[in-house]
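**Student:** Based on what follows, work out the 3D shape:
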Amino acid sequence: MRYRAQILAYSGTFIALIAAGSWISIPLPPVPLTLQTLFVLLAGVVMKRYAAVPVGLYILLGAANLPVFHNGTAGLGVLLGPTGGFLVGFIPAAFIAGLAYERESPNIRVAGLIAATGTIYLLGVVWLAWSASIPLLQAILLGVAPFLIGDVLKAAAAYSIGKRVA
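**Tutor:** Numbers count the residues shown, from 1 in each chain. Next up is the predicted model:
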């Protein structure tokens, strides 16, 4: 029973953190740079495989028109727009990072954070290319290249924080 309460408490905390991270944003078209991914990765670090719960709920809240996506946007239109694949990619990314953090090996944990970030990129770029009717290479240049350095720093921050809290 105590474990369920802990999952609920962490879920509320990470939903709030991901939503707050969406407001810390640098508007790059068509996909803004936010701190959401840092908190998605941290959810995996702290909650292990159960990190998919708050991240999935976060996506549902945004789909239900609560202004939790980047800069207070909300609704199915955001999920169906060019950023939708990145947002949906948060769910498997949190699960992947969480599975990696169920292991004690630092190498597996780092690989999990890299795989989680790669999953966000993969789903995001494919959706961006399809929804914006642009070539895949152009989607990679728009949806990955400008974010690589920031996402490496976010993954490193998640790892460093995880060494202290996980």
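**Student:** buried sites along the top helix by length along the chain?
**Tutor:** Scanning the chain for the helix with the most residues, using DSSP state H, yields helix 106-132. Taking 16 or more other Cβ atoms under 10 Å as the basis for neighbour counts, the residues of helix 106-132 that come out buried are 109, 112-117, 119-125, 127-129, 131. In this view, the C-beta of every residue, glycine as well, is placed from N, C-alpha and C.
**Student:** For the one helix or strand Val45 maps to, which outside residues touch it?
**Tutor:** Per DSSP states H and E: Val45 is located in helix 36-47. Residues outside helix 36-47 that contact it (Cβ atoms under 8 Å, 6 or more residues apart in numbering): 7, 10-11, 14, 17-18, 20-22, 51, 53-55, 70, 90, 93-98, 100-101, 112-113, 116-117, 120, 151, 154-155, 157-159, 161-162, 165-166.
**Student:** Just the buried ones from the residues you listed?
**Tutor:** Neighbour counting with 16+ other Cβ under 10 Å marks 10-11, 14, 17-18, 21-22, 51, 53-55, 70, 90, 93-98, 100-101, 112-113, 116-117, 120, 151, 154-155, 158-159, 162 as buried within these.
**Student:** Can you flag which of those belong to helices?
**Tutor:** Among the buried ones among the contacts of helix 36-47, the subset assigned to helices under DSSP H consists of 10-11, 14, 17-18, 21-22, 53-55, 90, 93-98, 100, 112-113, 116-117, 120, 151, 154-155, 158-159, 162.
**Student:** Return the helix or strand in this protein with minimum mean pLDDT.
**Tutor:** Of the helices and strands making up the chain, the lowest-confidence element is strand 25-26, at a mean of 83, by mean pLDDT, DSSP states H and E.
**Student:** Cool, thanks, signing off.
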